[in-house]
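> My questions concern the predicted model and sequence given below.
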There are 2 protein chains.
Amino acid sequence: MDNIDFRLKEKSYRCYFELTLDLIGGKWKPIILYYLGFHGTLRYAELRRCLSKITERMLTKQLRELEMDKMVNRKIYPQIPPKVEYSLTEKGKSLIPLLNQLKDWGEGYFNDNIELFDHKTLELEE
Amino acid sequence: MDNIDFRLKEKSYRCYFELTLDLIGGKWKPIILYYLGFHGTLRYAELRRCLSKITERMLTKQLRELEMDKMVNRKIYPQIPPKVEYSLTEKGKSLIPLLNQLKDWGEGYFNDNIELFDHKTLELEE
DNA sequence: CGGAATCCGTAATGATACTG
DNA sequence: CAGTATCATTACGGATTCCG
């Protein structure tokens, strides 16, 4: 049982960048936000397929935190079998341009150092 | 003894964003890069003070990886007591505008939700 | 289908010495 | 000062079971 209260209350940061990292940093949150931004709306199992290496436990945990922080919406369809859709909130969407810039930066890094990478480094699907 | 070879060789990513995360993601690299960008050049102990909660082991490990990935320069002064200065490479510097945008985003999040934060959340030093 | 709960093993990280 | 080495702790992954 995590705190229902605001997650970040009583935390302390030395600069706004540290706050940003607490909100959207870590191993999984950036890529979850990126794929949600890229696809718009995804069901739980679709999201899981996007992040092929994540475990269900971690995906659920990260989604709950992102939900608490008002970064993602969780829409439950009360039916059997259940259906749950995840999407970005407005706050979450405001992050998309920055995430895309980071993706472009990675592409630039790749092109600038292409001789160092294996030719199978990228299996792009976009 | 880590591999002297290129760290990212033989890895595989589904999109450039995943490559970006492998280069500069994780718990410590973003904030290390941010503070190096903010201050320009920092000695090992100065950097450690910036990231008050990092252990020496983690700081060293992250710096070595960033160095391998050509994100950070490590300049050793052969003297006693030793002196080592860290700074961003050109590739690293190209990231600064994006990191600053992320900082601004965090500031926006804070201002939009200021009633949810404790008044002691930020102890800004900038 | 979308989880939650559990048990267990391993990998990542932390705390605390200690050193050239 | 700038790290290493060692050991302890925690986080995380994997598999399984269960449920509305």
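Arrived safely.
> what helix or strand does A:Thr20 sit in?
helix A:16-24 (DSSP states H and E).
> And the contacts of the helix or strand that that helix is followed by?
Later in the chain than helix A:16-24, the nearest helix or strand by DSSP H and E is helix A:29-39. Contact with helix A:29-39 is made by A:24, A:42, A:46-47, A:50-51, A:59, A:62-63, A:65-66, A:71-72, A:86-88, A:92-93, A:95-96, A:99-100, A:102-103, A:126, B:15, B:17-18, B:21, B:25, as judged by CB atoms under 8 Å, 6 or more residues apart in numbering or on different chains. In this view, the C-beta of every residue, glycine as well, is placed from N, C-alpha and C.
> if we can go back for a sec, tell me the angle the helix holding A:Thr20 makes with helix B:29-39.
160 degrees (axes from the mean of the first three to the mean of the last three CA atoms, to 10 degrees).
> Report all helices and strands that helix A:16-24 contacts.
If contacts are counted by 3 or more CB pairs under 8 Å, 6 or more residues apart in numbering or on different chains; DSSP states H and E, helix A:16-24 sits against helix B:29-39, helix B:96-112.
> ok, and does that helix reach over to DNA strand C?
No. Helix A:16-24 is not in contact with DNA strand C by CB under 7 Å from any atom of the strand; minimum separation 13.0 Å.
> pLDDT of that helix, averaged?
The average pLDDT within helix A:16-24 is 95.
> what sits up against that helix?
Under CB under 8 Å, 6+ apart, the answer for helix A:16-24 is A:8, A:11, A:13, A:30, A:33, A:69, A:71, A:95, B:30-31, B:34, B:99, B:102-107, B:109-110, B:121-122, B:124.
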